[in-house]
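Q: Next input, structure requested:
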Amino acid sequence: MAGEQTTCGSKGYIYVYCSIDRTNYYTIQYVDKSLRGADFWRELAGPEEDRVIRHKSLQDAYRLAVKIPLHFSFQFYGHTVNTVTVATGGFLYMSDFLHSFLTASQYIAPLMANFDTSVGNNVSEVLYRRDDDALIVQWNNVYMKDGKDLGAFTFQVQLYKDDGKIITVYKNIPQPIANLSTEDHPVKVGLSDAYYWDIGQYRTIYPYHTYNIAGDKVTTDSAIIFTHLKTCNMFTNCDDCLHSKLRNFQCYWCSAINSCSDAFDRQRQKWVTSGCVFNITQTDCDHMFSTPTPNFRRSKDKNTAKLRSTTQGNQAWKAVTAAICTIFLLTAAVILGVCVYGYRNPQGTVGQWMVRNRPSELWDKFKQWKDNEKNDGNMTQMG
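A: The predicted model follows:
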C-alpha cells in the first residue's frame, strides 16, 4: 500500500507525518526535507570522532568492498547477520558469501551508483562508526566516476540493533537520481535478498525479494525508514511458528531441520532437500506429519513462479540425466556380454564374426575408406 499517512519517529523525539509503503518484509516510510528528514542524520564528526573508522582500502578506490564485523546481531529479512560488506559503490552487501556480482542481490542500497573515491581529490571518503545500538556508514563527498561535474554526494545508512530498523539519510544529493548513468554500474535504492542453490561445485543465486525505491524519493535532507516486520524464520519453536498469525505469511514448521519458514528464505535449499515440502506442520505440533503437503504460492510475489519452475526444472533435469546414465550402462553391459559370449564360443555366429572383424581388420577397412574419400574431389579446406 502506497501513500498512506503515518507517524514517523527517530529515537522517540521526532514526530512528523510521512508517506508509507508496505512490503511483506518491511514497512517503508519516506520523510522529505519539509518534514525534517535531516533530523535523522547522525553526525560522525564531533566528540565521538575518535571512534570513526576511515578504512584505508575504501579511500582513493573504485569498485572495492571491505567486510566489517558488527558489534551486535542484526536482523535482515529475518536472518541474523553478524558482518556486513561496505562497498565504495554506495551500498552494503549482507551475506558472508563474496562473489563478483555483489550488486545483484542481498544488499542494502542507500544509493548504489558508480562512485569512485579517487575522483574527489582527497575529499571523498567512506567512513563508519560502530555504536552499541547501531552501525552508521557514511559516503562523504563521493563523485561519480567520469562524472565529477555532477557534484559531490553525501549520504549514510544506519542499522539498528534492537529491531532491525534501517534508516538511510541524504545530506547532499546534487542531481536527480534519474541523471545518474547506469552504463557501467547499476543505480539502485532499496533492499534485496536471495537464497543459494548449490549443485556440485556450482552455486546459483535466486533473489526471492527485491524492493526498489523510486528515485524521486532521494533528495537533499530526506530520509527513508525501513522497519523490519516479523517473518516466519524468526520463530525458533513449533508452537510460536504455528500460532504466529502473520499478516503476510503462512508459516510452516519442519521437524526434520527444526525450522519455521514460509518455504522462501535463505534456507530454501535445505528446506527442500530435507524433505520439508512433504513433512511439515501447519496446525498441530503434536501431530507433525499428519498435514497434507501445502501448495507454496505467493500470489503477489513476481519471483515465486520463476523460483518454483526453476526447482521443477532441476528435478526434471535430474530425471533425464538418470535415464541417460541407465541407458548407457545397459548398452555397455549388452556389448560386454556379447563379446564374452563370442570369445567363449568361437565356432558360433558371433564368434566367427569377431574373428573376421578383429580390431586390426576394422582399422584397415577404415583407413581404406578414408583414402577413397580423399580422392573424391569434394574436400573443403578449413582456413
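
Q: how many neighbours does D284 have?
A: D284 has 12 neighbours, counted by other CB atoms under 10 Å. To be clear about C-beta, it is placed using only N, CA and C from the backbone, and glycine gets the same treatment.

Q: so where's the chain uncertain?
A: Applying pLDDT under 70 to the chain picks out residues 1-19, 47, 287-323, 338-348, 350-383.

Q: For it, which segments count as helices?
A: Taking DSSP state H, the helices of the chain run over residues 238-242, 268-273, 302-344, 349-356, 359-374.

Q: So which residue is dead centre in the chain?
A: Nearest to the mean C-alpha position of the chain, by CA atoms, centre = their mean, lies A194 at 3.1 Å.

Q: what separates that one from W271, distance-wise?
A: Using CB to CB, to the nearest Å, we find A194 at a distance of 15 Å from W271.

Q: what sits opposite A109 in the beta ladder?
A: Beta-bridge pairing for A109 (DSSP bridges): G190.

Q: Hmm, F91 and it touching each other?
A: Yes. Using CB atoms under 8 Å, A109 makes contact with F91 at a distance of 4.0 Å.

Q: So for the two, which sits in the more crowded spot?
A: When A109 and F91 are compared for neighbours, F91 comes out ahead with 28 against 24, by other CB under 10 Å.

Q: Give me the neighbour count for the residue nearest to I177 when sequence neighbours are not counted.
A: Among residues not flanking I177 along the chain, G215 sits closest, at 3.2 Å (CB to CB, 6 or more residues apart in numbering). Using other CB under 10 Å, G215 is surrounded by 17 other residues.

Q: Could I get the contacting residues of the closest residue to H209 other than its chain neighbours?
A: Excluding the flanking residues, the one nearest H209 by CB to CB, 6+ apart is D193, at 5.6 Å. Contacts here follow CB atoms under 8 Å, 6 or more residues apart in numbering; on that basis D193 touches Y25, F76, Y77, H79, M94, S105, Q106, P207, Y208, H209, R266.

Q: residues near the fourth one, how many?
A: Neighbour count for H79, taken as other CB under 10 Å: 18.

Q: so it touches H228, yeah?
A: No. With contact defined as CB under 8 Å, H79 does not reach H228; the gap is 10.9 Å.

Q: Distance-wise, check the nearest residue to F264 once chain neighbours are set aside relative to A65.
A: Closest residue in space to F264, ignoring its immediate chain neighbours: Y208 at 4.9 Å, by CB to CB, 6+ apart. Distance, Y208 to A65, using CB to CB: 23 Å.

Q: do F278 as well
A: From F278 to A65 the distance is 40 Å (CB to CB).

Q: what about those two, which has more around it?
A: For F278 versus A65, neighbours defined as other CB under 10 Å are more numerous around A65 (19 against 12).

Q: and the residue nearest to that one when sequence neighbours are not counted, what does it touch?
A: Ranked by CB to CB, 6+ apart and with sequence neighbours excluded, the top spatial neighbour of A65 is A87, at 4.0 Å. Neighbouring residues of A87 by CB under 8 Å, 6+ apart: R63, L64, A65, Y93, L102.

Q: circling back to that earlier point, hmm, Y208 and the residue nearest to the centre of the chain touching each other?
A: Yes. In this structure A194 lies within contact range of Y208 using CB under 8 Å: 6.2 Å.

Q: Now the common contact residues for A109 and F91.
A: With CB under 8 Å, 6+ apart as the test, A109 and F91 both reach K188.

Q: just to revisit the earlier point, closest one to S222 out of the contacts of A87, please.
A: Lowest distance from S222 to the contacts of A87 (CB to CB) belongs to Y93, with 23.8 Å.

Q: and the closest one, what does it touch?
A: Applying CB under 8 Å, 6+ apart, the residues contacting Y93 are A65, V84, T85, A87, L102, Q106, Y107.

Q: Who does it form a beta bridge with?
A: Those that pair with Y93 in a beta bridge, by DSSP bridges, are T85, Y107.

Q: can you give me the strands in the stretch 51-200 of the chain?
A: Using DSSP state E, counting those that start in this stretch, the strands of the stretch 51-200 of the chain run over 53-54, 65-76, 79-87, 91-93, 107-112, 115-116, 125-130, 134-144, 153-160, 166-172, 188-199.

Q: closest one to F328 among the ones you listed?
A: strand 188-199 (20.7 Å).

Q: Tell me what angle that closest one forms with strand 166-172.
A: Per axes from the mean of the first three to the mean of the last three CA atoms, to 10 degrees, the angle that strand 188-199 makes with strand 166-172 is 140 degrees.

Q: got the angle for strand 188-199 vs strand 153-160?
A: Going by the same axes, to 10 degrees, strand 188-199 makes 60 degrees with strand 153-160.

Q: Could you pull out the buried residues of strand 188-199?
A: Neighbour-count burial for strand 188-199, counted by 16 or more other CB atoms under 10 Å, picks out K188, V189, G190, L191, S192, D193, A194, Y195, W197.
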